[in-house]
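Q: only geometry, no sequence info:
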């Protein structure tokens, strides 16, 4: 787990709050990802960044705003969330996000609860 | 288009007995296939991956999986379950390196 770290591990917020999730990878990778894991549902890809450029936005509502200042850091800014946004948010990284054989390495996740 | 179906949502085994987790995939290309494990309150850990080399893939912790193109399957096995194997397991397919499709997961419980 030390390869990809996420903070905070747990977050409780109200619907009017603004908060940010942070992900950092120490693997020298160039691609980073945000996933949402809800109970009883498959993991949903939210965003992909390759060399700091966003290459995928999987129809995510605008109340989720990603930021990738460099290849090692990825943020997910949250504002005016809904209770159905409560989930485990997972960050992952891979070498370069291409080639078909790239392995993604996951962080431990942030457990988000929206009241 | 790519997708994966995990045929069992829950598998219960006795410690020391074999484990079989079934996965079928659909892919338009020659896919990469992965199995990940997630222990409670933890992130996903890669168990093994198939990338068009040997069809029998060995992973960590004694797990292995066999790629069968004719059956579009990638089942995960372990000859002898350990209590620490209790977790959720995800079968994953990728046509492209940056986009993974996850199965719904199989929860494994191990009885003492």
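A: It's in. Only a predicted model underlies this, so the values are computations on that prediction, with no experimental measurement involved.
Q: what about stretch A:75-92, average pLDDT?
A: Per-residue pLDDT values across stretch A:75-92 average out to 95.
Q: partners of the helix or strand of chain A at the bottom of the mean pLDDT ranking, with directions?
A: Between all helices and strands in chain A, the lowest mean by mean pLDDT, DSSP states H and E belongs to strand A:53-57, at a mean of 83. The pairing partners recorded for strand A:53-57 under DSSP bridges are strand A:44-50 (antiparallel).
Q: rounded mean pLDDT for the partner strand, please.
A: Averaged across strand A:44-50, the pLDDT comes to 91.
Q: buried residues in the least confident helix or strand of chain A?
A: Going by neighbour count (16 or more other CB atoms under 10 Å in any protein chain shown), the buried part of strand A:53-57 is residue A:56. No exception for glycine: its C-beta is placed from N, CA and C like everyone else's.
Q: give me the contacts around it.
A: A:45, A:46, A:47, A:48, A:49, A:66, A:68, A:97, B:98, B:99 (CB atoms under 8 Å, 6 or more residues apart in numbering or on different chains).
Q: could I get these as TSV with neighbour count?
A: Supplementary listing: these in TSV, determined by neighbours: other CB atoms under 10 Å in any protein chain shown:
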residue	neighbour count
A:45	20
A:46	20
A:47	22
A:48	22
A:49	22
A:66	20
A:68	21
A:97	23
B:98	21
B:99	16
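Q: mind putting those into a markdown table with distance to residue A:35?
A: As requested, the contacts of strand A:53-57 are exported to a markdown table (distance: CB to CB, whole Å):
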| residue | distance to residue A:35 |
| --- | --- |
| A:45 | 6 |
| A:46 | 6 |
| A:47 | 9 |
| A:48 | 10 |
| A:49 | 13 |
| A:66 | 12 |
| A:68 | 15 |
| A:97 | 14 |
| B:98 | 13 |
| B:99 | 11 |
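Q: ok, which pair from the residues you listed is furthest apart?
A: A:68 and B:99 (17.3 Å; CB to CB).
Q: geometric centre of the chain: which residue is closest?
A: Since you didn't name a chain, this refers to chain A. Residue closest to the mean C-alpha point of chain A, counted by CA atoms, centre = their mean, is residue A:34 at 2.7 Å.
Q: wrong chain, I was asking about chain B
A: residue B:35 (3.6 Å).
Q: phi, psi for that residue please.
A: phi -120, psi 130 (degrees, to the nearest 10).
Q: how about the strands in chain A?
A: Ranges of strands within chain A are A:4-7, A:10-13, A:18-25, A:31-37, A:44-50, A:53-57, A:64-70, A:73-79, A:87-94, A:105-106, A:110-114, based on DSSP state E.
Q: neighbouring strands for the second one, and are they parallel or not?
A: Translated: strand A:10-13. Sheet pairing of strand A:10-13 (DSSP bridges) gives strand A:110-114 (parallel).
Q: state the mean pLDDT of the partner strand.
A: pLDDT averaged over strand A:110-114 equals 95, rounded to a whole number.
Q: and for stretch B:32-44?
A: Across stretch B:32-44, the per-residue pLDDT values average to 90.
Q: now swap in stretch B:4-14 and tell me
A: In this model, stretch B:4-14 has a mean pLDDT of 96.
Q: lovely, talk soon.
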